[in-house]
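Undergrad: test case, fold it:
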Amino acid sequence: MTINTITLTRPDDWHLHVRDGDPLRTVVPHTAAQFGRAIVMPNLKPPVTTAAQALAYKARIQAAVPAGVAFEPLMTLYLTDNLPADEIARAKDAGVVACKLYPAGATTNSDAGVTDLRKTYKTLEAMQKAGLLLLVHGEVTSSDIDLFDREAVFIDTQLIPLRRDFPELKIVFEHITTKEAAQYVQAADRFVGATITAHHLLYNRNAIFTGGIRPHYYCLPVLKRETHRQALVQAATSGSNKFFLGTDSAPHAVHLKEHATGCAGCYTAFNAMELYAQAFDVAGAMDKLEGFASFHGADFYGLPRNTGTITLRRESWTVPEGFAFGEAELKPLGAGESVPWRIA
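TA: Here you go, the predicted model:
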């Protein structure tokens with residue numbers, strides 16, 4: 001039976017980049033139009049490493065939310081080799097919900113990331129005790145490891161030992177991209193969950209090279225083979241409460257994406273739910289979309305589910321070519337292309 005409209009409990013985005021300053025006025029309204037809450041990444045320059053910085057950043061984001069729109073940014077701290085354990089209590093009191101682990105050099109603004117997990121163990125102990133989650137960018141960064149293998153190697157060399165040493169630390173394996181990651185998360189205990197992006201559900205690595213280099217499809221972790229995309233679709237549409245929505249929407253100015261050393265990141269916040277609906281529809285699993293988008297993430301974080309709703313309808317429309325981004329331009333993923341679902 002063909003489904004032409006679907007109403008969902010208002011979803012949340014459990015992995016989002018909004019940058020800072022003038023760009024907030026463009027990207028925050030896009031997310032707030034679709035999602036009730038979003039986990040905001042702390043990889044600014046300089047990174048958000050204190051409760052006070054997180055609260056100040058939250059206020060700047062809230063100032064960019066359109067009047068009359070209910071949207072709550074959920075704040076995180078950037079885990080570094082030197083983040084003091086006593087900052088965790090202050091973060092908890094300030095409403096910070098998680099710390100983000102970037103292996104040093106893994107992605108945009110990750111130079112301050114962790115060089116050796118053992119240096120963070122006192123802080124991780126404090127997080128486990130306080131109930132703050134650890135969000136991991138799950139890739140190793142060694143130049144001798146092939147780019148397409150770095151997620152699988154991270155599981156074996158970093159994540160498995162980490163789980164052994166902190167068995168009750170809740171961990172979100174963010175933006176998983178491989179069959180190995182999906183299998184690891186599904187087999188793990190209740191302290192491990194994972195987010196999956198719309199672009200990793202819809203595209204494989206061919207998208208980056210169709211007709212030439214297509215930099216707006218370049219992200220980290222990079223798109224993988226079709227077998228991995230299929231494994232992610234199976235995980236997302238399985239109904240398992242271990243998998244939930246995280247766009248990893250990452251806005252970059254067009255001139256920095258279309259560059260000799262272009263930035264990694266896909267901007268999907270503008271039409272995120274439409275893209276997820278497309279992926280679930282193609283998989284014949286629209287009945288599983290609400291759990292993935294609206295329930296599993298809130299439940300994993302121990303937060304109440306949203307009470308409002310959104311309605312999606314089957315209606316073809318064209319993604320805009322771009323938006324103002326401060327003094328630059330921002331191009332959404334799929335600009336100028338047709339999308340078969342639309343928020344009513």
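
Undergrad: all the strands of the stretch 151-300 of the chain, residue numbers only.
TA: 171-173, 192-196, 243-245 (DSSP state E, counting those that start in this stretch).

Undergrad: what about stretch 122-135, average pLDDT?
TA: Averaging the model's pLDDT scores along stretch 122-135 yields 98.

Undergrad: residues contacting it, please?
TA: Outside stretch 122-135, the residues that touch it by Cβ atoms under 8 Å, 6 or more residues apart in numbering are 15, 39, 76, 79, 83-89, 91-92, 96-101, 162, 165-166, 168-172, 174, 301-302. In this view, the C-beta of every residue, glycine as well, is placed from N, C-alpha and C.

Undergrad: can you say which of these are buried?
TA: 15, 39, 76, 79, 83, 85, 87-88, 91-92, 96-101, 162, 166, 169-172, 174, 301 (16 or more other Cβ atoms under 10 Å).

Undergrad: in strands, which of those residues fall?
TA: Within those, residues falling in strands by DSSP state E are His15, Ile39, Thr76, Leu79, Ala98, Cys99, Lys100, Leu101, Ile171, Val172.

Undergrad: so for the third one, what pLDDT did the model give?
TA: Per-residue confidence (pLDDT) for Thr76: 98.

Undergrad: report the beta-bridge partner residues of it.
TA: Note on Thr76: beta-bridge partners Ala98, judged by DSSP bridges.

Undergrad: from what I see, it and Pro42 are in contact.
TA: Yes: counting by Cβ atoms under 8 Å, Thr76 does reach Pro42; the two are 4.9 Å apart.

Undergrad: overlap of the contact sets of those two?
TA: Jointly contacting Thr76 and Pro42 under the rule Cβ under 8 Å, 6+ apart are Val48, Ala54, Lys100.

Undergrad: save the residues you listed as a markdown table, and put in distance to Lys288 and pLDDT too.
TA: A markdown table is the format used below for the shared contacts of Thr76 and Pro42 (distance: Cβ to Cβ, whole Å; pLDDT from 0 to 100):
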| residue | distance to Lys288 | pLDDT |
| --- | --- | --- |
| Val48 | 34 | 97 |
| Ala54 | 33 | 98 |
| Lys100 | 28 | 97 |
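
Undergrad: nearest to Asp146, of those?
TA: Nearest to Asp146 among the shared contacts of Thr76 and Pro42: Lys100, at 24.7 Å, using Cβ to Cβ.

Undergrad: if I pick that closest one, what's in contact with it?
TA: Lys100 touches Met41, Pro42, Asn43, Thr76, Leu77, Tyr78, Leu79, Leu135, Val136, His137, counting by Cβ under 8 Å, 6+ apart.

Undergrad: residues contacting Thr80?
TA: Pro47, Thr49, Ala112, Gly113, Val114, Thr120.

Undergrad: now do the SS call for Trp341.
TA: strand (DSSP: H, G, I helix; E, B strand; the rest coil).

Undergrad: distance-wise, check the residue nearest to Phe191 when sequence neighbours are not counted relative to Leu147.
TA: Distances taken as Cβ to Cβ, 6 or more residues apart in numbering place Lys170 nearest to Phe191, at 5.1 Å, with adjacent residues excluded. Distance, Lys170 to Leu147, by Cβ to Cβ, to the nearest Å: 29 Å.

Undergrad: just send the shared contacts of Thr76 and Pro42 back as a markdown table, with distance to Arg313 too.
TA: Below are the shared contacts of Thr76 and Pro42 laid out as a markdown table (distance: Cβ to Cβ, whole Å):
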| residue | distance to Arg313 |
| --- | --- |
| Val48 | 38 |
| Ala54 | 37 |
| Lys100 | 35 |
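
Undergrad: just the helices in this structure please.
TA: Taking DSSP state H as the test, the helices found in the chain are 24-32, 51-62, 87-93, 121-130, 150-154, 160-165, 179-187, 198-202, 226-236, 254-257, 272-282, 289-290, 296-301.

Undergrad: looking at those, which is closest to Trp341?
TA: Trp341 lies closest to helix 272-282 among the helices of the chain, at 4.0 Å (Cβ to Cβ).

Undergrad: show me what the closest one is packed against.
TA: helix 198-202, helix 226-236, helix 289-290, strand 309-318, strand 338-343 (3 or more Cβ pairs under 8 Å, 6 or more residues apart in numbering; DSSP states H and E).

Undergrad: for the record, mean pLDDT for the fourth one?
TA: So the one you mean is strand 309-318. For strand 309-318, the mean confidence score works out to 98.

Undergrad: how about the first one?
TA: The predicted model gives helix 198-202 an average pLDDT of 98.

Undergrad: flag every buried residue along that helix.
TA: The neighbour-count check on helix 198-202 (16+ other Cβ under 10 Å) flags Ala198, His199, His200, Leu201, Leu202 as buried.

Undergrad: could you do the longest one as well?
TA: Burial within helix 226-236, assessed by neighbour count using 16+ other Cβ under 10 Å, is assigned to His228, Arg229, Ala231, Leu232, Val233, Gln234, Ala235, Ala236.

Undergrad: so what's the model's average confidence on it?
TA: 98.

Undergrad: tilt between that helix and strand 192-196?
TA: Here helix 226-236 runs at an angle of 120 degrees relative to strand 192-196 (axes from the mean of the first three to the mean of the last three Cα atoms, to 10 degrees).
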